[in-house]
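Novice: What would the 3D arrangement of this be:
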Amino acid sequence: DAIAHTGPLFVEEPVAPEFSHLIPSIAAATSVPIATGERLYSRFDFRECLEGGIAVAQPDLSHAGGISECRRIASLAETYGALMAPHCPLGPIALASSLQLDFTIPNFLIQECSIGIHYNEGRGILDYVVNTEALDISSGSFELPTRPGLGIEVDVTELRKAAKAARPWRTPVWRHTDGSLAEW
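Specialist: Below you'll find the model as predicted:
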């Protein structure tokens, strides 16, 4: 509760997913809302955390079964009184998919995205989107998509160029100064 006076929206992933069994004691020890879920992959993975008292579920549509499974996660979260803050540090297709979910669930809180942050070194996240205005952020919000499908048009030629230039992504291995493994 040392940070409660600052009024954080939530504390994200106070423990790694393999320690989700500790969520109940963490949630009971603080008034700060607890969020977790970017490394959980189904509604079954979320159940233990929701029962443990998380206030915010953060599934990543790219890893947790897409729009359909994340809609199910949102419904489950709603039964526990939890809000949704989908995790989305990936590209515009993942973001457009997340927005489709966000605009349809009653327990939506906030959408994470990587527009304007460090994840996309060397390329802009919208480089292969033709209608970039569909993903403009105005006053901190996205507009409801009005085009068919996900609401974005992808330049397939640019997407193929980006795919050829991309290096395979691997989970980073971070270490403390003493050489021991660090949690990311």
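Novice: residue boundaries of the helices in the protein?
Specialist: 23-28, 43-52, 66-79, 92-102, 156-165 (DSSP state H).
Novice: Dump these to a markdown table, plus distance to W174, mean neighbour count and mean pLDDT.
Specialist: Where you see a C-beta, it was placed from the backbone N, CA and C, and this is true even at glycine. What follows is the helices of the chain, written out as a markdown table (distance: least, CB to CB, whole Å; neighbours: other CB atoms under 10 Å; pLDDT from 0 to 100):
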| stretch | distance to W174 | mean neighbour count | mean pLDDT |
| --- | --- | --- | --- |
| helix 23-28 | 22 | 15 | 96 |
| helix 43-52 | 23 | 18 | 96 |
| helix 66-79 | 27 | 18 | 97 |
| helix 92-102 | 23 | 22 | 95 |
| helix 156-165 | 25 | 11 | 87 |
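Novice: closest to P148 out of these?
Specialist: helix 92-102 (11.6 Å; CB to CB).
Novice: Count the residues that sit near P106.
Specialist: 9 (other CB atoms under 10 Å).
Novice: try A16
Specialist: Other residues near A16 number 12, with proximity taken as other CB under 10 Å.
Novice: Likewise for the one 4 residues further on?
Specialist: The number of residues packed around S20, counting by other CB under 10 Å, is 22.
Novice: and it, what does it touch?
Specialist: 36, 40, 48-49, 52 (CB atoms under 8 Å, 6 or more residues apart in numbering).
Novice: For these, work out which two are farthest apart.
Specialist: L40 and G52 (12.2 Å).
Novice: Can you find the helix or strand in this protein with the smallest mean pLDDT?
Specialist: Lowest on mean pLDDT, DSSP states H and E among the helices and strands of the chain sits strand 181-182, with a mean of 84.
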